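In: Sharing a model that was predicted from the sequence below.
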Amino acid sequence: MYGNAPIGTSSLRQDIRLLGKALGDVIHETDGEEIFTIIEGLRRYAVRYRREGDRSELDALENSIPELTKEQAHTVARAFAYFLHLSNIAEDREQNRQRDNADLSAQAGSLERAVNLLSEQSNSAQLLEFLARASVVPVLTAHPTEVQRQSTLALHKDIATLLPELDGEKRRSQREHHHRLAGLVTTLWKTRMLRQHTLTVADEIDNALAYYQHTFLAAIPQLYHNLDLLLHEQDSSSHAAPLRPLPAFLRMGSWIGGDRDGNPNVDASTLEQALLRQSSTAILHYLKEVKALGTELSLSESLAPASPALMALSAESQDLSPHRIDEPYRRAFIHFYARLAATGQRLTGRSLAARPTYSAPAYATAAEFQHDLQTIADSLSDSHAAVIADLRLRDLIQAVAVFGFHLATIDLRQSSDVHERVLTELFQAAGIEHNGEPVRYGALSESDRIAILRKELAETRPLVSPWLSYSAETEKELAILRYAAKARTCFGSQAIEQTIVSHTETLSDLLEVLVLQQETGLIIPGMHDGLASGLMVVPLFETIPDLQRGAEIMADYLDLPEVSARVKLAQNSVQEVMLGYSDSNKDGGYLCSNWSLYQAERELVAVFKQRDIRLRLFHGRGLRRAGWRIQL
């Protein structure tokens, strides 16, 4: 059908022809000769016009389309859309071919080239120190209008996996593979392309987690693995060193379940569901890997003597099989499995184990689980079998360092307007006075707002009373912050680390969030204890005026003694700033927006450098479903 694309290499053209023909055959078989002929005619008009520039071909194309019936037009649109889907699969394969055949040490953007360039200016120890300070976080964001279906993506994946098999030479296997391709393309053609209903927050959570299962949980540890091997190549003395995970400079973030700016369906319950589902995904992955390791590490104590620490772990196992008496590694992993199962039950409230197990103490933290895995790695190294860890254990240790029991850090986000309304209500309900008058917070000047907020941060008495009733909006905001405090205790502080303030226009917009954290258990009341607790407050500067004021606002914020101390104690001298792209584009257009963003970045760098605080930038632009948080 669509077999004459003149683009790319011969291999790419061959793949596109193959997939295009498969689609054409399916349409001919399922929808009939008439619509197939129409689609094929339109395709030929377009191809000839693109190749030859013949205006008559374009005229024929433009004249034919209005003559289509509504049903025909719908089928034609689907046909060409699915052809583009299949072409993208072929192009992805071509990129993989080029990457596999290229000299990666000379290829721009490759990990090999990056390490080679860095090694020219530093040694591996310096690179590791740099990575320990760096932070690169892709952040998946919620898109209620997302229409790409998981069923369609799964079919894309199956077709992409099958495509290399179609290059074989055996006639029988080729016949089977082509038959399977026809089945997959037919399924794709008969699957509704678009969703008919808006996604719920629960749908968004499930969609995001599908990416982890298909990519991130395997790909990110593999990236660390490749980087570790490259660093070892740069430093021959490190080959004998025991296996240690690299600093977790690359981690995952998410807005799904915590971004309530403009989405009334996000509340404390959605945040709880997001964390429960994320934790389940991480622990299920660990359970699967631990089960596999328990099967694979069949080392006998008589042939590979285990370390005392590993023997102690093995002794804790309640495995009664006489066949594993001399296999301490297997016994240890059986115990790890039991403890992980208990951990999953404690964190998620449901059983995640895929096999029967026994009662064992849950892990208190992911670091405790990682320590047990490291004991295995150290024992293998001691018995001159460290290479075994490269088969599976190394990636699991790194995965635990990156994903913990929380999988991804969830950002909270809310508009500054909402924070202002909540505090206006709280101050009024509590009868708080300023300069001898009852506080009408919404009507105060900026200087008076700053004064009352700083005074409130120094207070130890609560502003929120359990005996008073508040509006639904206020109750909702307090509830989500209270759950965030609970979640950090349950899943670890990395589960929720920052709260983003949309439409940050003034210094008080940031201080308001600190006060709300203090009222909900995120910040411990009192100047001394409170400085080392709480979420990082991240301003979002997006409009042109906000970008122009951003550096000044951050200078004033960081110069407040209570904020400066907080940044140093609770945030390890790191402060994040988010730069938005959408509103600035609307304000001033593409060129003005990018110039304003560039100027804002330069001014922010100067402000932070003067105060010896590291700047972490969150760019609200990137992949369709993600922004990027970068600190170097």
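Out: All right, it came through fine. Numbering: from 1, shown residues only.

In: List the buried residues for stretch 65-81?
Out: Leu68, Gln72, Thr75, Val76, Arg78, Ala79, Phe80 (16 or more other CB atoms under 10 Å). All C-beta spots, glycine's among them, are computed from the backbone N, C-alpha and C.

In: where exactly do the strands run in the chain?
Out: Assigned by DSSP state E, the strands in the chain fall at 135-140, 253-254, 409-410, 412-415, 433-434, 437-438, 498-502, 536-541, 574-579, 614-619, 626-631.

In: partners of the second one, with directions?
Out: In the sheet containing strand 253-254, its partner strands are strand 135-140 (parallel), strand 409-410 (parallel), by DSSP bridges.

In: Check the fifth one too.
Out: Based on DSSP bridges, the pairing partners of strand 433-434 within the sheet are strand 437-438 (antiparallel).

In: Can you read off the pLDDT for the most centrally placed residue in the chain?
Out: Per CA atoms, centre = their mean, the C-alpha nearest to the average position across the chain is that of Met252, at 3.7 Å. pLDDT for Met252: 95.

In: Ok, the one 5 residues further on next?
Out: You'll see Gly257 listed with a pLDDT of 94.

In: again, but for Arg454
Out: So, for Arg454, pLDDT stands at 95.

In: again, but for Ala90
Out: So Ala90 comes in at 92 (pLDDT).

In: Excluding chain neighbours, what is closest to it?
Out: Closest residue to Ala90 apart from its sequence neighbours, by CB to CB, 6 or more residues apart in numbering: Asp15 at 3.8 Å.

In: Isn't the one you found up against Asp92?
Out: No. Using CB atoms under 8 Å, Asp15 is not in contact with Asp92; the gap is 10.0 Å.

In: more neighbours, these two?
Out: Asp15 (26 against 14; other CB atoms under 10 Å).

In: any chance you could map the helices in the stretch 1-150 of the chain?
Out: 10-31, 33-52, 55-64, 70-101, 111-119, 124-133, 150-162 (DSSP state H, counting those that start in this stretch).

In: from the strands paired with strand 253-254, which stretch is densest packed?
Out: strand 409-410 (a mean of 25; mean count of other CB atoms under 10 Å).

In: ok, and what's touching it?
Out: 137, 251-258, 271, 274-275, 278, 494-498 (CB atoms under 8 Å, 6 or more residues apart in numbering).

In: mind listing which of those residues are in helices?
Out: Counting by DSSP state H, the contacts of strand 409-410 place Leu271, Ala274, Leu275, Gln278 in helices.

In: Pick out whichever of those residues sits closest to Arg97.
Out: For the ones in helices among the contacts of strand 409-410, the minimum distance to Arg97 (CB to CB) is 34.9 Å, reached by Gln278.

In: excluding its backbone neighbours, what's nearest the closest one?
Out: Sequence neighbours aside, Leu407 is the residue nearest to Gln278 in space, at 3.9 Å (criterion: CB to CB, 6+ apart).

In: For the one you found, what are phi and psi?
Out: Here is the backbone geometry of Leu407 (degrees, to the nearest 10): phi 80, psi -60.
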